[in-house]
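Enquirer: Sequence first, predicted coordinates after that:
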Amino acid sequence: MRWENVDETLFAEVFVENIEDKIIYGRVIVVGLTGTAQNFGLFQPRTVGVRFGFNWGGNN
């Protein structure tokens, strides 16, 4: 969720990633002219956060 003030110079965000806190395995397989590359790993557990920011330029 994101909030911005009217002139878009201030903002606040609230976020949740992996809200169900499940074990998720990530997998990337790239097939190109030179062969196959594989990349495997775990995604992060439930992550909750808040971001605040200031936009110097206003409406961009």
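Expert: Structure's in. What do you need?
Enquirer: Please make it C-alpha for all contacts and neighbour counts, starting now.
Expert: Noted.
Enquirer: hey, which helix or strand in the protein has the poorest pLDDT?
Expert: strand 35-42 (a mean of 67; mean pLDDT, DSSP states H and E).
Enquirer: so Arg51 bridges to which residues?
Expert: Here Arg51 shows beta-bridge partners Glu13, assigned using DSSP bridges.
Enquirer: Can you give me the distance of it to Leu42?
Expert: Distance from Arg51 to Leu42, counting by C-alpha to C-alpha, to the nearest Å: 24 Å.
Enquirer: Could you list the low-pLDDT ranges of the chain?
Expert: Applying pLDDT under 70 to the chain flags residues 28-40, 58-60.
Enquirer: Mind listing the residues bridging to the residue positioned nearest the centre of the chain?
Expert: Relative to the mean C-alpha position of the chain, the nearest C-alpha, by C-alpha atoms, centre = their mean, is the one of Glu17, at 7.7 Å. Each beta-bridge partner of Glu17 is listed here: Thr47, as defined by DSSP bridges.
Enquirer: same for whatever helix or strand Phe15 lives in, what does it pack against?
Expert: In the assignment (DSSP states H and E), Phe15 maps to strand 10-17. With contacts taken as 3 or more C-alpha pairs under 8 Å, 6 or more residues apart in numbering; DSSP states H and E, strand 10-17 sits against strand 2-4, strand 47-54.
Enquirer: Take these and write them to CSV, including mean neighbour count and distance to Lys22.
Expert: Converted to CSV, those look like this (neighbours: other C-alpha atoms under 10 Å; distance: least, C-alpha to C-alpha, whole Å):
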stretch, mean neighbour count, distance to Lys22
strand 2-4, 12, 25
strand 47-54, 11, 11
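Enquirer: which one of those strands lies closest to Ile24?
Expert: Of all the helices and strands packed on strand 10-17, strand 47-54 sits nearest to Ile24, with 13.3 Å by C-alpha to C-alpha.
Enquirer: Give me the distance between Arg46 and Trp56.
Expert: Where Trp56 is concerned, Arg46 sits at a distance of 32 Å (C-alpha to C-alpha).
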